[in-house]
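Trainee: turn this into a structure:
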Amino acid sequence: MYACVNSFGENNWGAAWTTISDDTGVSLNNMNGGSALNYLMLGFFNIIWIPTAMRFGRKIVYILSLLFVLGSGIWGGFYQGVSQYYIMMVVNGIGTAAYQALIQLTVCYVSEMLTSVC
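Mentor: Residues are numbered from 1 along each chain as shown. This next block holds a predicted model:
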């Protein structure tokens with residue numbers, strides 16, 4: 001469920017970009033730039049999420065990442081202009097980054113508990 005929510009939040013606006021561009025005043029070039037920022041944060045922010053999960057526990061990282069995705073999803077319905085779009089996509093990338101590696105840590109932990117191998 002966690003992976004489905006986060007993968008949906010990653011970038012699901014592709015087909016509606018022209019309508020969104022008209023409604024918000026953000027050009028398609030700027031929307032491409034925002035998507036690039038999203039994917040940059042998605043890759044980069046695991047440098048923060050994974051050590052945080054190892055130190056404070058995976059649950060808190062799961063919850064925080066979902067809050068970031070929820071916040072950016074709500075903000076996505078109200079933003080106006082390029083700067084808000086870029087910041088919203090950065091927040092979204094930070095939130096969706098955790099699902100790229102945290103699920104593997106959880107599976108490894110569960111399999112280690114069951115078989116003592118991982």
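
Trainee: so residue 41 touches residue 87, yeah?
Mentor: No: contact criterion C-beta atoms under 8 Å: residue 41 and residue 87 do not qualify, at 11.0 Å. C-beta: built from backbone N, CA, C; applies to glycine.

Trainee: those two: who's more crowded?
Mentor: residue 41 (20 against 15; other C-beta atoms under 10 Å).

Trainee: so what's that one up against?
Mentor: In this structure, residue 41 makes contact with 89, 90, 92, 93, 94, 97, judged by C-beta atoms under 8 Å, 6 or more residues apart in numbering.

Trainee: any idea how far residue 64 is from it?
Mentor: Residue 41 sits 14 Å away from residue 64, going by C-beta to C-beta, to the nearest Å.

Trainee: what's the neighbour count on residue 51?
Mentor: Count around residue 51 with other C-beta under 10 Å applied: 11.

Trainee: element containing it, please.
Mentor: Per DSSP states H and E: residue 51 is located in helix 46-56.
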